[in-house]
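Peer 1: structure, please.
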Amino acid sequence: MGQTAWNGTGTFEFMLVGLWARPPLRPLLWTTFLAAYLATVLGNGALVGLIALDQRLHRPMYRLLTHLALLDTAYVSTTLPQALAHMVARRSTLSLARCGAQLYVGISLGSCEAILLAAMALDRCLAVCQPLRYAAIMTPKCCATLASAAWALGFLLSMPNAVAALRLPFCPGRPPVNHFFCELPAVLRTACADTTANQMLVYGLGTPILLVPLAFILVSYALILGQVGKLPSAKSRLKALTTCSSHLTVVGLFYGTVTAMYLGRRGSRALPTKHHKLVAVFYLVVTPVLNPLIYSLRNRKVHAAAQYALARLSGSRIVLG
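Peer 2: Purely as a prediction, here's the structure:
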């Protein structure tokens, strides 16, 4: 379907294979991707708006959830609009600079999310294990510090992988990037040089970026389970665990897909290419759509805030009418 090559102006370009689909199914695939993108932006945007406007949601968990929603929105916005445009244009090319920027931002936002999920685990651990000191510890300043650290560390720790990948030689005539966006493992497979050092770097930085936050999350929940076991009634134990269920679900979705993508057996060749792209669709398209739903469906405070916002909106329309 094309190859990485030099265009007529002498600029190197990557060609992307994109998502395979039979011609009759392409409009359906395009519509599904567009609907997923709009649902992600609107769902996460509505959640951020509710948290910002409703005083009842000005709590540590929701402050951190705001950053998760912004991360998900930014993540899909770096890839899906371009994928949609390529599906319409039927010419999927990216310059080296654009591909590099997409690769770096994608890795960075994923890294930010891993660290932010660890900060959210700390919040849940303190809420269950230190309820009397929780408000004094998880102040707005502490939440802002944790969120800022997640953003800063995510972009800082991702830089070596992006720089090392873009310094590889990419020769004309090599196969195209077998993906619908410039994702690190897919780009590495198109280099015309030994990528062993890059694979080692993926593993080396994958430890602090993914496994250290995961270890922190597991320790936090071990402490939570230990504390929950000491509660006197089954009702109180269930209530304590319910406050953590949304976060645990998001953690499972995130680590189940990203770990399979980046830290599986044999690095970037861990999965067959078709399965590799399906996993990418799941964590890039499905997970950002589900996250606001996971945090909203069983959350009474979010329900109350949404009902209050809808009531105010309806009231304003009546007044205007």
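
Peer 1: C-alpha only now, for contacts and for neighbours.
Peer 2: Noted.

Peer 1: correct me, but residue 122 touches residue 220?
Peer 2: Yes: counting by Cα atoms under 8 Å, residue 122 does reach residue 220; the two are 6.4 Å apart.

Peer 1: for the longest helix along the chain, packing partners?
Peer 2: Counting residues, the longest helix in the chain under DSSP state H turns out to be helix 96-129. Applying 3 or more Cα pairs under 8 Å, 6 or more residues apart in numbering; DSSP states H and E, we find helix 96-129 packed against strand 12-15, helix 60-77, helix 140-166, helix 212-228, helix 234-262.

Peer 1: that one: what's the following helix or strand?
Peer 2: helix 134-137 (DSSP states H and E).

Peer 1: I'd like to know how many residues surround the closest residue to residue 69 other than its chain neighbours.
Peer 2: In space, residue 69 comes closest to residue 44 once its chain neighbours are excluded; the distance is 5.1 Å by Cα to Cα, 6 or more residues apart in numbering. Neighbours of residue 44 under the rule other Cα atoms under 10 Å: 27.

Peer 1: how about the contacts made by residue 44?
Peer 2: 69, 70, 72, 73, 292 (Cα atoms under 8 Å, 6 or more residues apart in numbering).

Peer 1: mind doing that once more with 7 Å?
Peer 2: 69, 73, 292 (Cα atoms under 7 Å, 6 or more residues apart in numbering).

Peer 1: out of these, who's nearest residue 192?
Peer 2: Relative to residue 192, the closest of those is residue 73; by Cα to Cα it sits at 34.1 Å.

Peer 1: what pLDDT does the closest one get?
Peer 2: If you check residue 73, the pLDDT there is 94.

Peer 1: name the element the spatially closest residue to it that is not a sequence neighbour belongs to?
Peer 2: For residue 73, ignoring the flanking residues on the chain, the nearest one in space by Cα to Cα, 6+ apart is residue 41 at 5.6 Å. Assigned by DSSP H and E, residue 41 belongs to helix 26-53.

Peer 1: returning to that earlier point: ok, which of the helices and strands packed on helix 96-129 comes nearest residue 28?
Peer 2: Closest among the helices and strands packed on helix 96-129, once you apply Cα to Cα, is helix 60-77, at 19.0 Å.

Peer 1: which helices and strands sit right next to the closest one?
Peer 2: helix 26-53, helix 96-129, helix 140-166 (3 or more Cα pairs under 7 Å, 6 or more residues apart in numbering; DSSP states H and E).

Peer 1: centre of the chain to the shortest one, how far?
Peer 2: Looking back up the chat, that one is helix 140-166. Distance of helix 140-166 from its chain centroid, counting by Cα atoms, centre = their mean, to the nearest Å, is 14 Å.

Peer 1: tell me what that helix is packed against?
Peer 2: Using 3+ Cα pairs under 7 Å, 6+ apart as the contact test, the elements touching helix 140-166 are helix 60-77, helix 96-129, helix 196-206.

Peer 1: and stretch 292-302, which residues are buried?
Peer 2: Neighbour-count burial for stretch 292-302 flags 292, 294, 295, 296, 302 (criterion: 16 or more other Cα atoms under 10 Å).

Peer 1: hang on, the last one packs against residue 293?
Peer 2: The reference is to residue 302. No: the criterion here is Cα atoms under 7 Å, and residue 302 misses it with residue 293 at 10.6 Å.
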